[in-house]
Structure formats: C-alpha cells, structure tokens
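S.K.: this one's structure only:
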C-alpha cells in the first residue's frame, strides 16, 4: 500500500531482524525503521511488536467457470499497538493491541460488492504471532503453511505457501491457497520506505508482487472453484504520513507480460503530489526499477460519487511513465470492473475506495493487465492522516 525509491531483493536469508535497544524511537517508545535492515524468513513475515502500526494486505483477481466469472478479493489485517512489545505479553486491556481487519469481495457478473470490518483486542480469536506468518481476526485468517495437502495444483515454493480464509457477513466466504511466484522484495532507499521529511514518517515495506491462487468462493450457498493471482504487502512502521499529507492514491498492476508496476501519490492538502511519491517496476525475475516522482505523471480522472457516503473518488486514473524495457513512454488507464467498490467507514471510522479493474494501454486500446486501486483521504472528516502519523 505504500512504497518508496530504491529496492533490495530479498532471498531466503538467515539473520534475524530486530529493533535494538539503541534504535531511535517515536513518542511512546515505538521503533523507527532504520536503513539496511537484515531480514530473516519466515520470522519477518510475522509480527513486529516494537513498532506501532503493522498490516498484512492482499488483493487479487479470481476466476471461475473457465474464466467466465470474475471476482475481486481484498483482505487487510491491521495490528495497532498501544504499548511497544505488547505482542510479547502485557497486563490489562490498556496493554492489549487492537486488531482491525477489512474484507471485501467483488462479484463482477452480478454487479455486487460486499465488505465487512472487524475490530478486536488481542485474545483467543485475534492475534498476529511473532516468528512466522499467522494472523487472525475471528474466522478471518492468513497463515504460512509447510504444504497445501493432496489435490492442490500449486507447487512448493522456497518462500513458503499460505492460506487465506475470509467471509462477508452471512452472504459469502472463501478459502484460498497461495504460492509466491516471485521472491519478496523490500522497497525503499537502503530498505526504508520514506513517506515524508520526518524520519518518523517511514516504514519497512515487504511485498510479494504475484501469488498464484486456488480455492473456492461461496456466495449465497453456491460454491465455485476459483484460480487467479494475488498481490501481498506487509508494512511495518510507527508513523506513516507526513504532517502535510492527507492521503494517497495507490495502484498495483500485474501485467500480462509477467511484470508488475506499483505507483503511489502522497497528496498534499491542495491535491498536489508530495515529493516522496514514487513508482517501481518489477521485472519477471523480481528485479526492481525505481522511478522518481518527477519522472511519471498520475492523472486523477473519472470521478464517481458514492450513494452511501456522498464522497467523490477519481476511479479512472491514468498513469504515464517510460517503460524500462522499450524506452518508450506508456500511458495506462485503470478501468474498474465496477464503480461501487467503496468500503464505507464503520468501526474504524475511515471510508476509502479499493477495487479491482483492468489496465488499458492507451496507445493500443487493449487490456495489458489487471490491477487494484486504492484511494484514501477523500472521505469527509477523514482522520486517516492523524491515525497513520500516530497523533
């Protein structure tokens, strides 16, 4: 969901990352990401209780009936600490971390968008474990596993296999098995993704740019087998946005040629992009080419107004950038599979637009990939910036 300039390709490393006693802190004693982190997997896919904010985020495109039926899926698990190190044990409700989770499912054929939000304190049915990927919020789970069992068409991966289970009220549920198709990458200058002038406005940002997926989606009691591809982020920080930022526009593109493109614009109050906005290409092998904010253009277009909140979102942005392979400028247009993909504020008090779509190359007019678009900070009275700064 948020990223930055230079990238380090991460293999299956062997040294553990941890915040040292000398590591700089933000208010409340939470750690600040430091340059040149050394990561160890699978441990660093798990929780980092020394940091205030952490999330595991997945979006993707699923198909059933030989591609005739399409779904978009989004799952985000947040850990929001009240005190540093609270995953490791605290006393009393004021010490417990909070776990916020969002789920959404887009049923394209039926023009149907379902979403749900949960907020729980740490306990028997809400956690993010240290040492490996294992997060839960009720019956919503994301977990790394050693094998997917008999009947799975997914092969083993050096970076592990995962399961993702979710539900949407009583109307839908899904069970997915996931396999990384590329190793994880760490975005940011010397491994730190900067979001603003303050050193506190930074994160450690891990992503699997392409996961093969298989499983089932059930809606209104009708279960169908699905397969497709997902994108997964894991971001670790103690404060996200800078003081003069109100939100972001973000996109993850999975091109049909095997490459990915990620871009985000951090918006100032007047709508102009902050200089810490960035873009990155990921090639077939996982190598990243980074692009500075001055070398790409994001045009916020295609306004859509929500019938639920009245908020207005630019849901058809265009992105112009030089292709590192051809050397030619390309303009991509995001075309949502449906406009009404807003997650209206509930327990967390934040509304935002997050949805599936196709990527159109404007020079040819043809679809060249699929994408997920996220638009935050457009809701009236939105306090997202305050939350992510830790005010």
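M.R.: Ah, there it is. Only a predicted model underlies this, so the values are computations on that prediction, with no experimental measurement involved.
S.K.: going by C-alpha atoms from here, please, whenever you check contacts or count neighbours.
M.R.: Noted.
S.K.: low-scoring stretches of the stretch 51-200 of the chain, by residue?
M.R.: Residue ranges of the stretch 51-200 of the chain with pLDDT under 70: 85-95, 147-159, 196.
S.K.: try 80
M.R.: Residue ranges of the stretch 51-200 of the chain with pLDDT under 80: 82-96, 146-160, 187-200.
S.K.: burial of residue 79, as a residue count?
M.R.: Neighbourhood size, residue 79 [other Cα atoms under 10 Å]: 28.
S.K.: likewise residue 279?
M.R.: Residues near residue 279, counting by other Cα under 10 Å, number 24.
S.K.: quick check on it: phi, psi?
M.R.: Main-chain dihedrals, residue 279, degrees, to the nearest 10: phi -150, psi 150.
S.K.: SS state for the spatially most central residue of the chain?
M.R.: The centroid of the chain falls nearest to residue 57 when counting by Cα atoms, centre = their mean (3.7 Å). With DSSP: H, G, I helix; E, B strand; the rest coil as the basis, residue 57 sits in strand.
S.K.: let me see the contact set for the closest residue to it other than its chain neighbours.
M.R.: Nearest residue to residue 57 in three dimensions, chain neighbours excluded: residue 76, at 4.3 Å (Cα to Cα, 6 or more residues apart in numbering). Neighbour list for residue 76: 55, 56, 57, 58, 101, 102, 103 [criterion: Cα atoms under 8 Å, 6 or more residues apart in numbering].
S.K.: got a markdown table for those residues, with distance to residue 245 too?
M.R.: Below are the contacts of residue 76 laid out as a markdown table (distance: Cα to Cα, whole Å):
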| residue | distance to residue 245 |
| --- | --- |
| 55 | 20 |
| 56 | 22 |
| 57 | 22 |
| 58 | 24 |
| 101 | 24 |
| 102 | 23 |
| 103 | 26 |
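S.K.: quick check: residue 173 touching residue 221?
M.R.: No - the criterion here is Cα atoms under 8 Å, and residue 173 misses it with residue 221 at 9.2 Å.
S.K.: neighbour count: those two, which is higher?
M.R.: Neighbours per residue (other Cα under 10 Å) separate residue 173 from residue 221, with residue 173 holding more: 19 against 11.
S.K.: in its sheet, what does the strand or helix carrying that one sit against?
M.R.: Here residue 173, judged by DSSP states H and E, is contained in strand 172-180. Note on strand 172-180: by DSSP bridges, its sheet partners are strand 161-168 (antiparallel), strand 202-219 (antiparallel).
S.K.: now that strand, how far from the chain's geometric center?
M.R.: Offset of strand 172-180 from its chain centre (Cα atoms, centre = their mean, to the nearest Å): 16 Å.
S.K.: after that strand, heading C-terminal, what element do we hit next?
M.R.: Once the chain leaves strand 172-180, the next helix or strand it forms, by DSSP H and E, is strand 185-187.
S.K.: how about that next one: buried residues?
M.R.: Neighbour counts over strand 185-187 (16 or more other Cα atoms under 10 Å) mark 185, 186, 187 as buried.
S.K.: turn the strands paired with strand 172-180 into CSV, including distance to residue 300.
M.R.: Listed next are these as CSV, based on distance: least, Cα to Cα, whole Å:
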stretch, distance to residue 300
strand 161-168, 30
strand 202-219, 24
